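# Generate a structure from the sequence data that follows.
(2 chains)
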Number of protein chains: 2
Amino acid sequence: MYFEISEFHERLKKTKESMLRNKIEVLVVSDPANMNYLTGYDGWSFYVHQGLVVALDRDEPLWWGRGMDGNGAKLTTWLSPDSIRPYADDYVQNVFRHPMSFVADIIREHGWERKNLGVEADNYWFTGKCLRTLSEELPSMEITDATSLVNWVRVIKSPAEIRYMKQAARVCEHVMETAVNSITTGARESSAAANVYHACITGTDEFTGDHPAIFPIMPSNERTTCAHLGWDPERKYAPGDLVLLELCGVRFRYHCPLSRTVYIGTPPEKLRKVADTVLRGVEETLAFIRPGVTAEEVEARWRKAIEGSGVVKPSRLGYSIGANYVPDWGEHTLSLRPGDKTVLKPGMTIHLMPGIWEDDFGFENSEPFLVTDTGCEPFCSFPRKILTR
Amino acid sequence: MYFEISEFHERLKKTKESMLRNKIEVLVVSDPANMNYLTGYDGWSFYVHQGLVVALDRDEPLWWGRGMDGNGAKLTTWLSPDSIRPYADDYVQNVFRHPMSFVADIIREHGWERKNLGVEADNYWFTGKCLRTLSEELPSMEITDATSLVNWVRVIKSPAEIRYMKQAARVCEHVMETAVNSITTGARESSAAANVYHACITGTDEFTGDHPAIFPIMPSNERTTCAHLGWDPERKYAPGDLVLLELCGVRFRYHCPLSRTVYIGTPPEKLRKVADTVLRGVEETLAFIRPGVTAEEVEARWRKAIEGSGVVKPSRLGYSIGANYVPDWGEHTLSLRPGDKTVLKPGMTIHLMPGIWEDDFGFENSEPFLVTDTGCEPFCSFPRKILTR
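Predicted coordinates for the structure are as follows:
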């Protein structure tokens, strides 16, 4: 485990306080990042149903999951053996038997079946069938949507978490440098992507990396008009190529993402104009950020900075980041966008991501940052400009 | 696109036939692999809600997703522009506005709101909130669980798909060889994992690879007691190490997985005994497989082969494989286990995965295979034994 047990206890205490405020007595946690945050659990077993049950009247969370993963829970969590509840293999992908029936058994066994139940209703790992099965199995329980309840506990990082995020930033700079160096005329796009994965896993001499929650987003040319396309497997780079890079460094599941734009040759005027605008926006926005301002005020400041430039950014300007698993390094809490009134506080970690995807080309230059006591501190040190090759 | 348009039309026709049999007039598809199968769509955008709407009375499926991903749908699918429906960015991770309301708008706009609706209720990408929102928005629609409806259409592969699976097998052998060669005393486990990723993406000289749906599962020593743990980021291999490798090759999203076991030094007797049993079981089971036998008969044949050996395998013996995205290369259809009465047919592709995870150590030696007209054909050619270093 990469944290002191006392830190896990503190996380659990904060989670229970939030449950209390939200009138939730029993919480089913499905998000693997939340499982990791509360117990240390770390494995690629989330492709079958698994989770935790956190109850106000039980000290430890209960881990539940597939039989073959029970040993993994023993090895990677701080939980005592009687808090680990593996289920039989015929619960797996079986239309006649759903793992949420097993969870309902656990809830009844503890006499919790008339309490208020919280579920992560809009989380990838809590399906429609999970909701339906729990509702049918536990008709006396009131079911409350607790999506992102634990995620909101995670939003302010501890000193130990910030240390890992800073180490992830070192890995991230190494990954980005590797990517830029791999983009050369005649090289396969897939070779560049392979190098990125390699750098992400090995990390630096000082800090080993980890597997990324999102694949290397590195589209070229017309594919830069899209936010989430990868490399073209069989294509080779050529003069005049425009390549977007949205990559990350990872350290013990903590992600530090970063975006840059590469051009092979002399960047055309219209790309330079967009870049100038975005880079000015990034500078002015970072200078504005400090504890006490709201997420929407940050976005408004950005919009003011780029006003009249012709560049528009209809999508959100950024989001909270931290420990995660596929498919997303975003924390699903605060977003830098109109209407988000979250007040920024020291210890928050945010990806300022002003990605621009026009109908003919795209441009990306992002900055992940930590909110400090007096302002903000970018995690990465990497040139802010169109990187030419 | 990596398939002829006629092949997409054929896939859609089969899907609609299945909808008809299941009395489903409108189907909301959330699984990215199913989206890819029906339209070609390929991007890492599934971390926000997206999908297709397939209706019996509309020729083309409708793609719906986040605004910034609309261009990606134009670039990677065969759909005409009026079948691509991007939503505004404030639908993203917003407690007040859910993308399924947008889908309900599409359904009402087409006058489908009194028809029978199918949803992939137990799919990762269809959350409890998706189900609740659709139910509330469309009270006149009967909602049927259509989990794996499209997956079952995918279960028999076309000649073009089999070609890609065979190419993925070549990539897989290269990946496995890279992994085995990377396991040497003093090398970091994370370096071996990095090499695996690199080989998986670059592929062979002939066939470029692709990103894997599951990370390299490569635990060592006590971690081999668990089915889904990765490498230990900071540990170095040492004499006497036991390492499990569950890896894959990928070609245009088609996965060919393979498992092997590596030992640094002379394998201990108890490991050799388990290996002998499993390898005999694999041989006899593969020899038994032919069209017409059922999935449970295959598992029973395996159980007979290892009877009296002391080795037990409580979990399923294998599952269907094909095109996929994170978090799983399994197709979520047939499983080789008691009670699964699926009749094997030519063109099915299955991962025979007799993984053994005891409380003190594990052993893996799997074989992916194609069901042929007369028997079965393993996809990979890789020594079946404990691989020593």
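
# Secondary structure class of residue A:90, three-state.
Each residue gets one of three states, and residue A:90 gets helix by DSSP: H, G, I helix; E, B strand; the rest coil.

# give me every residue that touches it.
Residues in contact with residue A:90 (C-beta atoms under 8 Å, 6 or more residues apart in numbering or on different chains) are A:97, B:337-339. Yep, even glycine has a C-beta here, placed from its N, CA and C like the rest.

# What of residue A:58?
Contacts for residue A:58 were tallied using C-beta under 8 Å, 6+ apart; they are residue A:110.

# Surely it forms part of a strand?
No. Remark: residue A:58 does not belong to a strand; assigned using three-state DSSP, it is coil.

# For chain B, see how far away it is.
In this structure, residue A:58 and chain B are 23 Å apart, going by C-beta to the nearest C-beta, to the nearest Å.

# for residue A:16, same thing?
Distance, residue A:16 to chain B, by C-beta to the nearest C-beta: 22 Å.

# How many neighbouring residues does the nearest residue to that residue once chain neighbours are set aside have?
Taking C-beta to C-beta, 6 or more residues apart in numbering or on different chains as the measure, residue A:16 lies nearest to residue A:56, with 5.8 Å between them; neighbours along the chain are not counted. Using other C-beta atoms under 10 Å in any protein chain shown, residue A:56 has 15 neighbouring residues.

# Distance check, residue A:56 against residue A:116.
Using C-beta to C-beta, to the nearest Å, residue A:56 is found at 10 Å from residue A:116.

# Mutual contacts of the two, please.
Overlap of the contact sets of residue A:56 and residue A:116 (by C-beta under 8 Å, 6+ apart) consists of A:25-26.

# how near is the nearest residue to residue A:238 once chain neighbours are set aside to chain B?
Of all residues beyond its chain neighbours, the one nearest residue A:238 is residue A:185 (5.9 Å), with distances taken as C-beta to C-beta, 6+ apart. Summarising the geometry, the distance separating residue A:185 from chain B, computed by C-beta to the nearest C-beta, is 18 Å.

# Show me the shaky parts of the stretch 101-250 of chain A.
Low-confidence segments of the stretch 101-250 of chain A, defined by pLDDT under 70: none present.

# hang on, the earlier thing: next up, the contacts around the residue nearest to residue A:16.
For residue A:56, the contact set (C-beta under 8 Å, 6+ apart) comprises A:16, A:19-20, A:25-26.

# Residue A:198 now?
Contacts were defined as C-beta under 8 Å, 6+ apart; by that measure residue A:198 touches A:178, B:194-195, B:197-198.

# how big is the angle separating the helix or strand hosting residue A:195 from helix B:189-202?
When elements are assigned from DSSP states H and E, residue A:195 belongs to helix A:189-202. The directions of helix A:189-202 and helix B:189-202 differ by 170 degrees, with axes from the mean of the first three to the mean of the last three C-alpha atoms, to 10 degrees as the criterion.

# Settle this for me: residue A:138 is touching residue A:116, isn't it.
No. At 11.0 Å, residue A:138 does not count as touching residue A:116 under the criterion of C-beta atoms under 8 Å.

# Neighbour count for those two, which is higher?
When neighbours are counted by other C-beta under 10 Å, residue A:138 comes out ahead of the other of residue A:138 and residue A:116, with 21 against 18.

# What's the local residue count around the nearest residue to residue A:203 once chain neighbours are set aside?
In this structure, residue A:203 finds its nearest non-sequential neighbour in residue A:209, 3.4 Å apart by C-beta to C-beta, 6+ apart. Here the number of neighbours of residue A:209 (other C-beta under 10 Å) works out to 29.

# ok, now residue A:95?
Counted with other C-beta under 10 Å, residues neighbouring residue A:95 total 10.

# Now do residue A:154 against residue A:63, distance only.
Using C-beta to C-beta, residue A:154 is found at 18 Å from residue A:63.

# I misspoke; the intended subject was residue A:366.
35 Å.

# Compare neighbour counts for the two and give me the winner.
Between residue A:366 and residue A:63, counted using other C-beta under 10 Å, the more crowded position is residue A:63 (26 against 22).

# Partner strands of the helix or strand hosting the more buried one, with direction?
For residue A:63, the host element (DSSP H and E) is strand A:62-66. Paired strands of strand A:62-66, with direction, are strand A:51-55 (antiparallel), strand A:84-87 (parallel) (DSSP bridges).

# Could you tell me which residues of the stretch 1-150 of chain A lie near chain B?
In this structure, the stretch 1-150 of chain A approaches chain B at residues A:42-47, A:66-69, A:71-72, A:75-76, A:88-90, A:92-93, A:95, A:98, A:119, A:121-132, A:145, A:147, judged by C-beta under 8 Å from any C-beta of the partner chain.

# Filter those down to the buried ones, PyMOL style.
Restricted to buried positions by 16 or more other C-beta atoms under 10 Å in any protein chain shown, the PyMOL selection for these reads:
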select buried, chain A and resi 42+43+44+45+46+47+66+67+68+69+71+72+75+76+89+90+92+93+98+119+121+122+123+124+125+126+127+128+129+130+131+132+145+147
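
# So which of the residues of the stretch 1-150 of chain A next to chain B sit within strands?
Under the assignment DSSP state E, these contribute A:66, A:119, A:145 to strands.

# so the first one makes contact with residue A:93?
Spelled out, it's residue A:66. No. At 10.7 Å, residue A:66 does not count as touching residue A:93 under the criterion of C-beta under 8 Å.

# Name the residues contacting each of those two.
With C-beta under 8 Å, 6+ apart applied, the overlap between the contact sets of residue A:66 and residue A:93 consists of residue A:48.

# Around chain B, pick out the residues from the stretch 251-389 of chain A.
Close to chain B, as judged by C-beta under 8 Å from any C-beta, the stretch 251-389 of chain A has residues A:252, A:314-316, A:319, A:326-328, A:330, A:332, A:335, A:337-339, A:355, A:357, A:359.

# that older thread, filter the contacts of residue A:90 to the buried ones?
Listed as buried from these are residue B:337; burial here means 16+ other C-beta under 10 Å.

# re earlier: the residue nearest to residue A:203 reaches residue A:200, doesn't it?
Yes. Using C-beta under 8 Å, residue A:209 is in contact with residue A:200, at 5.0 Å.

# got any residues that touch both of these two?
Shared contacts of residue A:209 and residue A:200 (C-beta under 8 Å, 6+ apart): A:171, A:175, A:249-250.

# Looking at those, spot the one nearest residue A:375.
Closest approach to residue A:375 among the shared contacts of residue A:209 and residue A:200 (C-beta to C-beta): residue A:249, at 22.9 Å.

# residues touching the spatially closest residue to residue A:195 that is not a sequence neighbour, list them.
Here the nearest residue to residue A:195 in space, its sequence neighbours aside, is residue A:182; by C-beta to C-beta, 6+ apart that works out to 4.5 Å. By C-beta under 8 Å, 6+ apart, the residues touching residue A:182 are A:191-192, A:195-196.

# tell me the phi and psi of residue A:182?
Taking degrees, to the nearest 10, you get phi -80, psi -10 for the backbone angles of residue A:182.

# Repeat that for residue A:15.
Backbone phi and psi, for residue A:15 under degrees, to the nearest 10, turn out to be phi -60, psi -40.

# now do residue A:257
Per degrees, to the nearest 10, the residue geometry at residue A:257, taken as phi and psi, is phi -90, psi 160.
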